Each structure stands twice: as structure tokens, then as C-alpha cells.
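J.: 3D, please:
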Amino acid sequence: MRSGHPVYESIRRQVLEEQRRKRAANEPAVFASIDRKLALIRELGEARKGDES
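T.: Numbering: from 1, shown residues only. So this is what the prediction gives:
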């Protein structure tokens, strides 16, 4: 079976859709992780400003 074969293409679509769903389900966790990292960077930046005064 090769690319272009109806069965191959059907399975390919199914796999791609499952991968898309998994990424979408993980998206909130990714954004939460980014938010935590940004908050830490902001805190460190504020602490550094306080040390320079």
C-alpha cells in the first residue's frame, strides 16, 4: 500500500485527526505552563529591579 491508495489515505486522515485532537486537548496545559514561566520571569525581573536600587 502506498500514498494515494484509498485505504492508506483513510488511515492517514484518521491518524492526523487523532494527533490534532491530542494537541488540542493538551493546549490548556501548554498555555498554563507558559503563563507560569512568564510569571516567574516577571517576578525575577521585579526582584532584580529592587536589588539595583
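
J.: for this protein, which segments count as helices?
T.: 6-52 (DSSP state H).

J.: how about low-confidence regions in it?
T.: 53 (pLDDT under 70).

J.: try it again at 80.
T.: Applying pLDDT under 80 to the chain flags the ranges 50-53.

J.: from residue 37, how far out is the residue nearest to the spatial centre of it?
T.: By C-alpha atoms, centre = their mean, the chain has its centre lying nearest to residue 30, at 4.7 Å. For residue 30, the distance to residue 37 equals 11 Å [C-beta to C-beta, to the nearest Å]. For every residue, glycine as well, the C-beta is placed using N, CA and C.

J.: do residue 20 as well
T.: Counting by C-beta to C-beta, the gap from residue 20 to residue 37 is 25 Å.

J.: likewise residue 2?
T.: 44 Å.

J.: of the two, who's got more company?
T.: Higher neighbour count among residue 2 and residue 37: residue 37, with 10 against 5, using other C-beta atoms under 10 Å.

J.: export stretch 7-25 as PDB, just CAs?
T.: Extracted C-alpha coordinates of stretch 7-25, given in PDB (Å, rounded to 0.1, in the frame of the first residue of the first chain):
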ATOM      1  CA  VAL A   7      -7.100   2.600   2.400                       C
ATOM      2  CA  TYR A   8      -3.800   4.400   3.000                       C
ATOM      3  CA  GLU A   9      -5.400   7.800   2.700                       C
ATOM      4  CA  SER A  10      -8.300   6.800   5.000                       C
ATOM      5  CA  ILE A  11      -5.900   5.600   7.700                       C
ATOM      6  CA  ARG A  12      -3.700   8.700   7.200                       C
ATOM      7  CA  ARG A  13      -6.700  11.000   7.800                       C
ATOM      8  CA  GLN A  14      -7.600   9.100  10.900                       C
ATOM      9  CA  VAL A  15      -4.100   9.400  12.300                       C
ATOM     10  CA  LEU A  16      -3.800  13.100  11.500                       C
ATOM     11  CA  GLU A  17      -7.200  13.800  13.200                       C
ATOM     12  CA  GLU A  18      -6.200  11.900  16.300                       C
ATOM     13  CA  GLN A  19      -3.000  13.800  16.500                       C
ATOM     14  CA  ARG A  20      -4.800  17.100  16.100                       C
ATOM     15  CA  ARG A  21      -7.300  16.100  18.900                       C
ATOM     16  CA  LYS A  22      -4.400  15.200  21.200                       C
ATOM     17  CA  ARG A  23      -2.700  18.600  20.600                       C
ATOM     18  CA  ALA A  24      -5.900  20.500  21.100                       C
ATOM     19  CA  ALA A  25      -6.600  18.600  24.400                       C
END
